[in-house]
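1. Here is my input, please return the structure:
(chains A and B)
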Amino acid sequence: MGKVLRAWTLLALIAITGIAAAQAIDPLPFRDHAEELRFQHLTSELRCLVCQDEDLADSNADFARDLRHKVFELMQQGKSDAEIKQYLVDRYSDFVLYDPPVNTRTWLLWFGPLLILITGGVVVGYTIRKRSRVGTPVAPTDNGDDW
Amino acid sequence: MTPELGQLALILALMLALAQSILPLLGAWRGNRALMAVARPAASGQAVFVALAFAILVWAFLHFDFSVQYVADNSNLQLPWYYRIAAVWGAHEGSMLLWVLILNVWTVALALFSRQLPEVFLARVLSVLGIISVGFLCFILFTSNPFGRLLPMPADGADLNPVLQDPGMTFHPPVLYMGYVGFSVAFAFSIAALLGGSMEQAWVRWARPWTNAAWAFLSCGIVAGSWWAYAELGWGGWWFWDPVENASFMPWLVGVALIHAQAVTEKRGSLRAWTILLSLFAFSLSLLGTFLVRSGILTSVHAFASDPRRGTYILCFLAFVVGGSLLLYALRAPKVAGGKAFALISRESAILIGNLMFTVAAAMVLLGTLFPLLGDALNLGKISVGPPYFGLLFPLLMLPVVLLLPFGPYLRWGKSDVPALKQVLVRAGMAAAACAIIAAFFVEGQLKAIAGVACAVWVGVGVVLYIVKRWREMPRGRRYPAEMAGMLLAHFGVAIFLIGVLLSESLSVTRDVRMSPGQVAAVGGYEFRFDGVTQTTGPNWVAEQGVVTVTRKGAPIAVMHPQKRTYTHERVQTASAVDPGITRDLYVALGEPMDANHVEGAWALRLYTKPFIRWIWGGGLFMMLGGFVSAADRRFRVKRDAEATQTITTPVQESQA
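-> Below is the predicted model of the structure:
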């Protein structure tokens, strides 16, 4: 579903630039399978900056291809994942990360669900406590039909 | 001339929708039966006109009426007839019309099958549905008219987006909308209960099958969408936590909470206010989902401003529906509270905790989806929230649900005895541990896969134990009422889904390879031999088609034909080849020739093996089936006089859950 919009944008891009669309199938000369896995994982956490909502691993935009090759090149230079991400953030801001860092701008994003959970948990706890005291709870005396 | 008739039909439908929304409400307020009686005929009439408008649009597509802008934008002479019908909902204007049509179908069905409801209550329900319809019809007529003309008429149209030219995509939007719109019944029901100031258990019983059916449709729509994304897009994934996907997932999550809360309210009278609140949430999120996908706001906040009328209308309508219903809730909810007492260890408590987790999960998805938009709108800088965020938080929130799930059927209403639960804990726990240990030998230390097996066995064995218990303890014919059978199916679906997700996520192998004809690549224990590329054609496309022969230890497994299609207007779309299997899918996507001038030479291909991935959709289908089976329970349709008279408009001080 989500890919529809991405595809729309991709198609819009094609209309503009005339590039041929296909999947981002991009064989690179990896040393071994472990390196390939690391590359796949890393590029799946990075955003294709010119696409609607697509990661680097799956984007066919020229720009994404260039960035993929840059990531590959940095890996060959022995850079760690963190260093590669930092390299990209320095150039393209946090927008390139699908895994937004925890900072003052994103604390609501990261801890908001926890706050809601705690608040909801308190309400649920309070409700159960209250409801167990409004009377004596009894299970229905039925013969299994009113399960 | 006919498109103008469509326009006219929509205007007449709007008039009737206005009558349907205003008159019965007045009648219910004043006790005027004549006014209340307007609801049914107005709803039927409206449905006729909307269906007429829809048929006229279909007709325009079938007859290549390119003088209609929407038809010219979304179809052309080469498009086969079935995709021309699907093109009706292929873009914004038509999909809004489809939404209204489905709303009318639900409304008419409701008017037909609700004779046992009190007149005043039904008048209010139909009136609320009328108001929603007015909102959408105005939106269509004033901002998104599908019948707008294009002059001079072009000789040929543009094209339906090739990604939509697929059976899965044809089927996905209507089913999804059936789900979205279906939640409007629970919504209207809740508003009517709030307006009337009381909520009888009998009414909730009557509302439950509608909610279950809506949720089942939504499940089906999501499965279809996910399946299509997997099979068509050559990216091998099935879920990306994309805003468009999240838009459909949020009402689904709240829907899960809602169908459970409704069960509590119907059977025990408890959690009434909460049930009402959830129905408001479920429908509000459905509206949000519809608009998020169709408004263009996701592309950019600024796209919203490029057509300010639509954006403004949507915001106002959402504010009216969400704000209005919440205000009404705040004012009236205490009036409808009440119900029986329950202890900490009871089914009510367990459902309440599950409800909490599903609601928080929906809130988390909402936050993650809207956060980048908010940041962008408030100039806080652009950030991306993607799979790593959702993929971390969602499983954490769902873990308690998975752990609680086997106990669900064993827990009794009100107060449950502990020994029976301990027995489940021991049996399901031991089975899960044993299977996890066995699995550990096969998955090369992939913790995620081991956890997947353990969780799935935990849930699955829990369900099976309960099936056995009922078989032993109950006489034939009373063992599995449809409502319970549906629950068991859906819960078992969770086990299947868990296997699918966790095993395929952890054990899939993906490789991008450069292959010359005759070359072999080994992926996940299979040998893929590339046998070159040939040309092939379809109704409105030409394609380069790769031939890939798969063997396993020399034994032939499959011959696969991944394609790269070029549609009219030079739009290119891949069509991946999938060899399905219960324990694994083989998947090949064709990339580009390594040298564009030598297509007979080497090509880039992406090869996948995906263990157990089919179980993801299998699990989803089980859940869908569970929803429908539950909805079909006769108990919901039979009027139980004894209980129907047992109105519980409890005093305010007994407070709500």
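2. tell me the contacts of B:L621?
-> Neighbouring residues of B:L621 by Cβ atoms under 8 Å, 6 or more residues apart in numbering or on different chains: B:219-220, B:223, B:493. Quick note: C-beta positions are derived from backbone N, CA and C, even for glycine.
3. B:K564 now?
-> A:22, B:543-545, B:572-575, B:590-591.
4. as a whole number, average confidence for the helix or strand hosting it?
-> Using DSSP states H and E, B:K564 sits in strand B:563-567. Mean per-residue pLDDT for strand B:563-567: 88.
5. Give me the buried stretch members for the helix ranked longest in chain A, please.
-> For chain A, the longest helix by residue count, based on DSSP state H, is helix A:107-131. For helix A:107-131, the neighbour count (16 or more other Cβ atoms under 10 Å in any protein chain shown) marks A:109-110, A:112-113, A:116-117, A:120, A:124, A:127-128, A:131 as buried.
6. What is the nearest of the contacts of B:K564 to B:A273?
-> B:Q573 (49.4 Å; Cβ to Cβ).
7. Is it correct that B:A261 is in contact with B:L271?
-> Yes. B:A261 is within contact range of B:L271, at 5.4 Å (criterion: Cβ atoms under 8 Å).
8. anything in contact with each of the two?
-> Residues touching both B:A261 and B:L271 (Cβ under 8 Å, 6+ apart): B:I351.
9. which regions of the chain lie under the pLDDT threshold?
-> Using chain A. Applying pLDDT under 70 to chain A flags residues A:1-23, A:141-147.
10. right idea, wrong chain: chain B
-> Applying pLDDT under 70 to chain B flags the ranges B:295-307, B:337, B:638-657.
11. okay, which residue is most central for it?
-> Central residue of chain B (Cα atoms, centre = their mean): B:L218, 2.9 Å from the mean position.
12. Could you confirm that residue falls within a helix?
-> Yes. Using DSSP: H, G, I helix; E, B strand; the rest coil, the assignment for B:L218 is a helix.
13. how close does it get to B:M96?
-> The spacing between B:L218 and B:M96, counted by Cβ to Cβ, to the nearest Å, is 18 Å.
14. ok, now B:V293?
-> 11 Å.
15. What helix or strand is the nearest residue to A:L117 once chain neighbours are set aside located in?
-> Among residues not flanking A:L117 along the chain, B:V360 sits closest, at 4.7 Å (Cβ to Cβ, 6 or more residues apart in numbering or on different chains). Remark: B:V360 resides in helix B:347-377, with elements defined by DSSP H and E.
16. neighbouring contacts of the next helix or strand after that helix?
-> Proceeding N to C from helix B:347-377, the next assigned helix or strand is helix B:387-404, under DSSP H and E. Residues from elsewhere that reach helix B:387-404, judged by Cβ under 8 Å, 6+ apart: A:44-45, A:55, A:98-100, A:109-110, A:113, A:117, B:240-241, B:246, B:350, B:353-354, B:357-358, B:360-361, B:364-365, B:368, B:455, B:458-459, B:494, B:498.
17. Pull out the buried residues from helix B:387-404.
-> For helix B:387-404, burial by neighbour count (16+ other Cβ under 10 Å) applies to B:387-390, B:393-395, B:397-398, B:401-402, B:404.
18. Could you measure from the residue in the stretch 151-300 of chain B positioned nearest to chain A over to B:E348?
-> Chain A sits closest to B:D242 of the stretch 151-300 of chain B, with a gap of 2.4 Å, by Cβ to the nearest Cβ. Between B:D242 and B:E348 the computed distance is 36 Å (Cβ to Cβ).
19. Comparing the two, which residue is more hemmed in?
-> A side-by-side neighbour count of B:D242 and B:E348, using other Cβ atoms under 10 Å in any protein chain shown, places B:E348 first with 32 against 22.
20. and the residue lying closest to that one once chain neighbours are set aside, how many residues sit next to it?
-> Nearest non-adjacent residue to B:E348, counting by Cβ to Cβ, 6+ apart: B:F342, 4.0 Å away. Applying other Cβ under 10 Å, we find 31 residues neighbouring B:F342.
21. Next, count neighbours for the residue in the stretch 351-500 of chain B that chain A sits nearest to.
-> Closest to chain A within the stretch 351-500 of chain B is B:G386: 3.0 Å, counting by Cβ to the nearest Cβ. B:G386: 23 surrounding residues under other Cβ under 10 Å.
22. could you list every residue that touches it?
-> Each residue near B:G386 by Cβ under 8 Å, 6+ apart is listed here: A:45, A:47, A:53, A:55, A:98-99, B:240-241.
23. I'd like the residues you listed laid out as JSON lines, including distance to B:E119.
-> Shown next, in JSON lines, are the contacts of B:G386 (distance: Cβ to Cβ, whole Å):
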{"residue": "A:E45", "distance to B:E119": "58"}
{"residue": "A:R47", "distance to B:E119": "56"}
{"residue": "A:D53", "distance to B:E119": "49"}
{"residue": "A:D55", "distance to B:E119": "56"}
{"residue": "A:Y98", "distance to B:E119": "54"}
{"residue": "A:D99", "distance to B:E119": "56"}
{"residue": "B:F240", "distance to B:E119": "48"}
{"residue": "B:W241", "distance to B:E119": "46"}
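24. Just the buried residues out of those residues, in PyMOL syntax.
-> Buried residues within the contacts of B:G386, by 16+ other Cβ under 10 Å, are selected in PyMOL with:
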select buried, (chain A and resi 45+47+53+55+98+99) or (chain B and resi 240+241)
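25. between the contacts of B:G386, which is closest to B:Y180?
-> B:W241 (19.3 Å).
26. quick one, phi psi at the closest one?
-> phi 60, psi 40 (degrees, to the nearest 10).
27. One more: B:D417?
-> B:D417 adopts backbone torsions of phi -90, psi 140, taken as degrees, to the nearest 10.
28. Pop the domain breakdown of chain B in here.
-> B:1-165, B:509-611 (automatic domain parsing).
29. Quick one: distance of the last one to the chain centre.
-> For domain B:509-611, the distance between its averaged C-alpha position and the chain's averaged C-alpha position is 31 Å (Cα atoms, centre = their mean, to the nearest Å).
30. so how far is the first residue of it from its last?
-> End-to-end span of domain B:509-611 (Cα to Cα, to the nearest Å): 9 Å.
31. Give me the helices and strands touching the host helix or strand of A:R68, please.
-> Counting by DSSP H and E, the element that carries A:R68 is helix A:62-76. Packing partners of helix A:62-76 (3 or more Cβ pairs under 8 Å, 6 or more residues apart in numbering or on different chains; DSSP states H and E): helix A:33-44, helix A:81-92.
32. Quick one, which of those gets closest to B:K335.
-> Ranking the helices and strands packed on helix A:62-76 by proximity to B:K335 (Cβ to Cβ) places helix A:33-44 first, at 51.2 Å.
33. With only the CA atoms kept, save the closest one in PDB.
-> Written as PDB, here are the backbone C-alpha positions of helix A:33-44 (Å, rounded to 0.1, in the frame of the first residue of the first chain):
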ATOM      1  CA  HIS A  33      28.100 -12.700   2.900                       C
ATOM      2  CA  ALA A  34      28.500 -11.100   6.300                       C
ATOM      3  CA  GLU A  35      29.500  -7.800   4.600                       C
ATOM      4  CA  GLU A  36      26.500  -8.100   2.300                       C
ATOM      5  CA  LEU A  37      24.200  -8.500   5.300                       C
ATOM      6  CA  ARG A  38      25.700  -5.600   7.000                       C
ATOM      7  CA  PHE A  39      25.200  -3.500   3.900                       C
ATOM      8  CA  GLN A  40      21.600  -4.600   3.500                       C
ATOM      9  CA  HIS A  41      20.800  -3.800   7.100                       C
ATOM     10  CA  LEU A  42      22.500  -0.400   7.000                       C
ATOM     11  CA  THR A  43      20.900   0.800   3.800                       C
ATOM     12  CA  SER A  44      17.500  -0.300   5.000                       C
END
